[in-house]
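Engineer: what's the 3D shape of this:
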Amino acid sequence: MTPGTTPVAHALSDSWTMTRRELARWGRQPVTVVVSLAFPVMLLLMFGYLVGGGRGVSGEYVDYLVPGMLALTMAFGLEGTMIAVTQDLNKGVVDRFRSLPMTNGAVLVGRSAADMLQSALGLAVLTGVGYALGWRAHGGPGAFLGAIGLLLLFRFAMLWIGIFLALVAGKPELVQAVQILVWPVGFLSNAFATPGSMPGWLGTVVQWNPMSQTATAVRDLFGSPGGESGHVWAALAWPLALLVVFFPLAVARFGRLSR
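Structural biologist: Residues are numbered from 1 along each chain as shown. A predicted model of the protein is given here:
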């Protein structure tokens, strides 16, 4: 630690250094970034024009679908970060960083910060495609920013769950198997259809899904069909509760593995 530097400033400096390291990978692997941005766009177009759906949805289906797809995108695409974490562990990169006066967990924080920047870019791209398809946000600038904030908060929580699971898996080849666990969260939700149109037990599961809470809250803030007032607090509480559990678990697990 530099003399006169507080522990918080030192941790932030280390985390920013690791963030810049991860962002440098974008230039070396641009195809990966492009694919991660294109995949949710293809899903939106597929469900909007090919699969259709919208069971129980009143109004234009695209108005219901776009906010759901924005929430779904925040749950998917974690494997890039998960693989990068396991590769750092298996290639000895963490051991080299450990020889430096670096804050424990800065590698994870830097990787998560880079992922959040890419997620924000993905939201911008998908929102633009939604506007091209005819979707509009009717809640005003403040509500729009609030919805984006809820989406990014949900992503941040899912990201730390993914980092913890990656550390548990330990090897890049096992990440794909762990990533499959994310699919039920995404598809057992109200992203594509309303819970009221589903069998009773399934609708109950869907309603309690944290992603459904986020999707319902952002629909309300966007002024889209399917939005219900009062879900903003649940959309805040679920990710924060998940972060309280998985953030310290991931940092503790990382500390044990890197010794």
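Engineer: So Asn90 sits against Lys171, correct?
Structural biologist: Yes: using Cβ atoms under 8 Å, Asn90 is in contact with Lys171, at 6.4 Å. In short, each C-beta sits where N, CA and C put it, glycine included.
Engineer: Ala169: what's its closest spatial neighbour, skipping adjacent residues?
Structural biologist: Closest residue to Ala169 apart from its sequence neighbours, by Cβ to Cβ, 6 or more residues apart in numbering: Val178 at 5.0 Å.
Engineer: ok, then the element right after the host helix or strand of Ser13?
Structural biologist: Element membership of Ser13, judged by DSSP states H and E, is helix 7-28. Tracing the chain past helix 7-28, the next element assigned as helix or strand by DSSP H and E is helix 30-45.
Engineer: For the stretch 51-200 of the chain, give me the ranges with low pLDDT.
Structural biologist: Scanning the stretch 51-200 of the chain with the threshold set as pLDDT under 70 gives 51-56, 58, 94-95, 97-105.
Engineer: for it, what spans make up the helices?
Structural biologist: Along the stretch 51-200 of the chain, counting by DSSP state H, counting those that start in this stretch, helices occupy 61-75, 79-90, 93-98, 106-133, 141-169, 172-179, 182-187, 200-208.
Engineer: how about those, which one is nearest Leu12?
Structural biologist: helix 106-133 (8.9 Å; Cβ to Cβ).
Engineer: Buried residues of the closest one, list them for me.
Structural biologist: Neighbour counts over helix 106-133 (16 or more other Cβ atoms under 10 Å) mark 106-116, 118-119, 122-123, 126-127, 129-130, 133 as buried.
Engineer: Stretch 185-202 now?
Structural biologist: Val185, Gly186, Leu188, Ser189, Asn190, Ala191, Phe192, Ala193, Thr194, Pro195, Met198.
Engineer: Closest one to Pro248 out of those residues, please.
Structural biologist: For the buried residues of stretch 185-202, the residue nearest Pro248 by Cβ to Cβ is Val185; the value is 21.3 Å.
Engineer: Show the contacting residues for that closest one.
Structural biologist: Val185 is in contact with Ala75, Met158, Asn209, Pro210, Met211, counting by Cβ atoms under 8 Å, 6 or more residues apart in numbering.
Engineer: okay, among these, which ones form the most distant pair?
Structural biologist: Farthest apart among the contacts of Val185 by Cβ to Cβ are Met158 and Asn209. That separation is 12.2 Å.
Engineer: Name the residue in those two with the higher neighbour count.
Structural biologist: Met158 (26 against 22; other Cβ atoms under 10 Å).
Engineer: Quick check: the more buried one touching Leu78?
Structural biologist: Yes: Met158 lies in contact with Leu78 (Cβ under 8 Å); the separation is 6.4 Å.
Engineer: what about Phe247, how many neighbours?
Structural biologist: There are 21 residues near Phe247, going by other Cβ under 10 Å.
Engineer: Retrieve the pLDDT associated with it.
Structural biologist: If you check Phe247, the pLDDT there is 92.
Engineer: Point me to the helix or strand that includes it.
Structural biologist: Using DSSP H and E, Phe247 falls within helix 231-257.
Engineer: Which neighbouring elements make contact with that helix?
Structural biologist: helix 106-133, helix 141-169, helix 210-222 (3 or more Cβ pairs under 8 Å, 6 or more residues apart in numbering; DSSP states H and E).
Engineer: what does the shortest one contact?
Structural biologist: The contact list for helix 210-222 (Cβ under 8 Å, 6+ apart) reads 64, 67-68, 70-72, 74-75, 137-139, 143-144, 146-147, 150-151, 154, 157, 185-186, 189-191, 195, 206, 225-229, 231-232, 234-235, 238-239, 242.
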